[in-house]
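1. starting from these lines, generate the structure:
(one chain, ligands or ions: 2)
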Amino acid sequence: MTIRKVETTPFSDQKPGTSGLRKAVTTFQQPHYLENFTQSIFDSLEAFQGQTLVVGGDGRYYNRQAIQTIIKMAAANGFGRVKVGHRGILSTPAASCVIRKYGAFGGIILSASHNPGGPNGDFGIKYNIGNGGPAPEKVTEAIFARTKSITEYRILDVPDINLDELGTSTVGDMVVEVIDSVADYQELLESLFDFDRIRQLLTGTNFRMCMDSMHAVTGPYATAIFEDRLGAPAGTVMNGVPLEDFGDGHPDPNLVYAHDLVEILFGDNAPDFGAASDGDGDRNMILGRNFFVTPSDSLAVLAANAQLVPGYKDGIAGIARSMPTSAAADRVADRLGIECYETPTGWKFFGNLLDAGKATLCGEESFGTGSNHVREKDGLWAVLFWLNILAVRQQSVEHIVREHWQLYGRNYYSRHDYEGVDSDRANTLVSKLRDMLPSLKGKPLGGYTVDYADDFSYTDPVDGSTSSKQGIRIGFTDGSRIVFRLSGTGTQGATLRVYLESYEPNIAKHNLDAQDALKPLIDIAEEVAQIRQYTGMDKPTVIT
Ligand code: G1P
Ligand code: ZN
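-> Ligands and ions are numbered 1, 2, ... in the order given. Below is the predicted model of the structure:
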């Protein structure tokens with residue numbers, strides 16, 4: 001089998017963001033674009049000859065073509081085996097599970113997560129290392145450096161493999177195994193949760209749930225687990241067939257984009273429990289009847305109830321949350337006498353803490369929760385964790401969350417996104433804020449006093465690596481906070497994210513709407529950052 005070496009020239013825009021390289025499909029369709037990035041990944045790795053690479057994606061448009069190219073390039077670069085998901089499907093947490101279970105060298109996940117798909121949507125490619133987690137910054141930086149100097153890539157001229165049939169074939173000297181997308185992952189989840197008890201809950205007459213897979217990757221997983229294995233009635237999983245364009249939807253499980261589910265859970269005769277997951281299955285949204293659980297609260301509730309779940313019954317070692325995530329989990333950690341780590345945004349920062357056994361549960365405000373069972377956030381894991389708690393406590397979602405607030409106080413929380421902002425103007429907003437920081441400390445602002453104002457910088461407690469400029473924080477003396485940062489996953493212009501949080505210990509004040517409770521902070525954010533002026537928008541495009 002001859003390896004074809006193809007001459008190429010660098011693209012200047014292949015810098016991986018918060019979660020891999022994400023671009024419009026049309027960008028990826030340029031000749032050599034995918035190949036350059038894939039070769040740059042391989043060139044940044046060492047000693048993978050003869051080893052296993054896991055490949056799969058969220059089923060979006062261009063997934064299958066990209067997988068065929070990557071398989072031929074993996075063979076030409078000397079991998080010994082590729083494990084690829086049936087029909088090219090592997091959710092992000094399932095890919096992480098497979099990498100770990102089979103001791104693979106690493107994996108390539110094709111996804112743009114919650115970004116819309118289809119020929120006019122987005123595509124993405126991400127490399128995960130042998131622990132199953134996203135490549136750390138030193139690896140993504142090496143990949144980026146390589147994309148700027150690449151001169152050729154290697155590929156085999158062979159026919160496409162049949163992704164629709166399970167089984168093994170060869171490409172050159174490399175073995176390609178098309179694996180069941182669900183089985184390994186389901187087995188892992190069965191080892192963590194009390195499936196018998198959840199089955200009783202889902203087959204009983206007192207409880208109804210609704211799972212919205214948003215025409216994205218979790219459809220086959222959710223159907224296999226909730227309907228086939230746990231006995232929930234057919235139809236429990238809605239939008240369960242993965243489509244290349246997600247049915248023209250925006251597969252982001254929040255109150256804005258998962259509106260079908262929101263209407264059901266906030267409508268007449270609503271079920272007891274609702275959940276949704278995103279394009280690649282790592283995000284989740286949890287709803288009770290007429291009740292929304294913020295992702296920050298969800299992490300705190302899971303941590304506080306972990307002892308009810310078989311996989312965590314011996315206690316959790318620590319919790320980790322991204323900096324903009326609310327401090328609700330910190331209060332649980334405090335009471336449990338364990339550490340709560342505060343990391344920059346992005347799951348890659350949790351990997352070392354999980355590997356070192358310092359953290360067991362992790363979460364982000366952006367609808368991501370997970371644990372040390374894999375090295376990615378995991379949407380269906382969070383849903384099963386909630387179901388396990390509900391099955392044991394036999395109380396409603398709302399009851400459980402309100403009781404949690406009684407015990408720990410309530411962290412009012414919201415994120416305001418301004419999408420599609422002109423990049424220069426967004427950068428100016430941030431740099432003006434940055435310049436202002438030294439003068440803010442001790443200053444009164446709208447009835448609050450600034451306790452600290454800085455640009456978050458993180459030193460990894462395991463390997464000592466540092467990451468700076470991770471978000472501008474203005475903290476007040478009563479524990480309230482405003483955080484500003486620019487998204488690292490968007491593909492059009494810039495997205496400004498403003499994170500708002502206040503703490504309310506008084507039970508009598510736990511019934512406010514979050515936007516009302518946070519109004520004073522929203523006004524301060526406008527005052528200091530001049531958001532309207534710089535974004536040209538008079539309100540956020542998305543509020544979560
Ligand atoms: C966003 C979220 C972040 C998450 C990432 C990948 O990144 O804010 O928490 O880890 O997507 O799902 P951002 O666009 O803010 O850089
Ligand atoms: Zn995702």
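2. isn't Glu177 right up against His86?
-> No: if you go by C-beta atoms under 8 Å, Glu177 and His86 don't touch, sitting 10.4 Å apart. (C-beta placed from N, C-alpha, C; glycine too.)
3. neighbour-wise, which of the two wins?
-> His86 (19 against 15; other C-beta atoms under 10 Å).
4. in which helix or strand does the more buried one reside?
-> Using DSSP states H and E, His86 sits within strand 81-89.
5. report how many residues lie close to Ile338.
-> The tally of other residues near Ile338 (other C-beta under 10 Å) stands at 18.
6. let's see the pLDDT reported for it.
-> On pLDDT, Ile338 comes in at 98.
7. now do it against Ala529, distance only.
-> 35 Å (C-beta to C-beta, to the nearest Å).
8. without its sequence neighbours, what residue ends up closest to Leu486?
-> Computed as C-beta to C-beta, 6 or more residues apart in numbering, the closest residue to Leu486 that is not its neighbour in sequence is Ala494, at 5.4 Å.
9. contacts only, for that neighbour.
-> Residues near Ala494 by C-beta atoms under 8 Å, 6 or more residues apart in numbering: 421-423, 425-427, 486-487.
10. try it again at 7 Å.
-> Listed by C-beta atoms under 7 Å, 6 or more residues apart in numbering, the contact partners of Ala494 are 421, 423, 426, 486.
11. what's across from it in the sheet?
-> Beta bridges link Ala494 to Val421 when assigned by DSSP bridges.
12. average pLDDT for stretch 118-128?
-> So the average pLDDT for stretch 118-128 ends up being 96.
13. next one: stretch 39-59
-> Average pLDDT, stretch 39-59: 97.
14. and for stretch 416-425?
-> So the average pLDDT for stretch 416-425 ends up being 95.
15. now tell me what touches that stretch from outside.
-> Taking C-beta under 7 Å, 6+ apart as the rule, stretch 416-425 contacts 490, 492-498, 531, 534-535, 537, 540-543.
16. go again with 6 Å.
-> 492-498, 534-535, 537, 540-543 (C-beta atoms under 6 Å, 6 or more residues apart in numbering).
17. could you turn the buried ones of the residues you listed into a PyMOL selection?
-> Of the contacts of stretch 416-425, the buried ones go into a single PyMOL selection, burial set by 16 or more other C-beta atoms under 10 Å:
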select buried, resi 494+495+496+497+498+534+535+540+542
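18. from the contacts of stretch 416-425, which land in strands?
-> Counted as lying in strands by DSSP state E, out of these, are 494-498, 542-543.
19. among those, which are in reach of ligand 2?
-> Filtering these for proximity to ligand 2 by C-beta under 5 Å from the ion leaves nothing.
20. which of the residues you listed sits closest to Val158?
-> Thr495 (40.8 Å; C-beta to C-beta).
21. give me the distance between the closest one and Gly17.
-> Relative to Gly17, and taking C-beta to C-beta, Thr495 is found at 11 Å.
22. please point out which parts of the helix ranked longest in the chain sit buried.
-> Looking across the chain with DSSP state H, the single longest helix is helix 423-440. For helix 423-440, burial by neighbour count (16+ other C-beta under 10 Å) applies to 425-426, 429-430, 433, 437, 440.
23. want to throw those into TSV with distance to Arg415?
-> Output for the buried residues of helix 423-440, formatted as TSV (distance: C-beta to C-beta, whole Å):
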residue	distance to Arg415
Arg425	20
Ala426	16
Leu429	16
Val430	16
Leu433	17
Leu437	21
Leu440	21
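24. can you pick out the most distant pair from the residues you listed?
-> Spatially, the most separated pair among those is Arg425 and Leu440, at 21.7 Å (C-beta to C-beta).
25. get me the contact residues on this structure for ligand 2.
-> Selection of the chain residues close to ligand 2 by C-beta under 5 Å from the ion yields 113, 278, 280, 282-283.
26. out of these, list just those in strands.
-> Among these, none falls in strands (DSSP E).
27. host element of the residue lying closest to Tyr413 once chain neighbours are set aside?
-> In this structure, Tyr413 finds its nearest non-sequential neighbour in Ser326, 4.3 Å apart by C-beta to C-beta, 6+ apart. Counting by DSSP H and E, no helix or strand carries Ser326.
28. Arg100 now?
-> Assessed by DSSP H and E, Arg100 sits inside helix 92-101.
29. and the very next helix or strand once past that helix, what does it pack onto?
-> Remark: after helix 92-101, the chain's next helix or strand is strand 106-110, criterion DSSP H and E. Judged by 3 or more C-beta pairs under 6 Å, 6 or more residues apart in numbering; DSSP states H and E, the packing partners of strand 106-110 are strand 52-57, helix 63-77, helix 92-101, strand 122-128.
30. what residues does the shortest one touch?
-> With contacts defined as C-beta under 6 Å, 6+ apart, strand 52-57 is touched by 63, 67, 70, 74, 79, 81-85, 88, 90, 95, 98-99, 104-105, 107-108, 110-111.
31. how about Lys469, secondary structure?
-> coil (DSSP: H, G, I helix; E, B strand; the rest coil).
32. list the contacts of it.
-> With contacts defined as C-beta under 6 Å, 6+ apart, Lys469 is in contact with Asp455.
33. any idea how far Phe484 is from it?
-> Using C-beta to C-beta, Lys469 is found at 12 Å from Phe484.
34. burial count for the closest residue to ligand 2 within the chain?
-> Nearest residue of the chain to ligand 2: Ser113, at 3.2 Å (C-beta to the ion). Look at Ser113: counted by other C-beta under 10 Å, it has 27 neighbours.
35. can you pull the phi/psi pair for it?
-> Dihedral pair for Ser113: phi 50, psi -120, per degrees, to the nearest 10.
36. need the contact list for Val251.
-> Careful, residue 251 is Pro; it's not Val. 114, 214, 216, 278-279.
37. save these as TSV, and put in neighbour count and distance to Leu512 too.
-> Converted to TSV, the contacts of Pro251 look like this (neighbours: other C-beta atoms under 10 Å; distance: C-beta to C-beta, whole Å):
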residue	neighbour count	distance to Leu512
His114	25	28
Met214	29	30
Ala216	34	33
Asp278	34	28
Gly279	34	33
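38. run a quick neighbour tally on Glu263.
-> Using other C-beta under 10 Å, the number of residues around Glu263 comes to 10.
39. is it located within a helix, as I assumed?
-> Yes: membership of Glu263 in a helix is supported by three-state DSSP.
40. distance of it from Thr26?
-> Relative to Thr26, and taking C-beta to C-beta, Glu263 is found at 33 Å.
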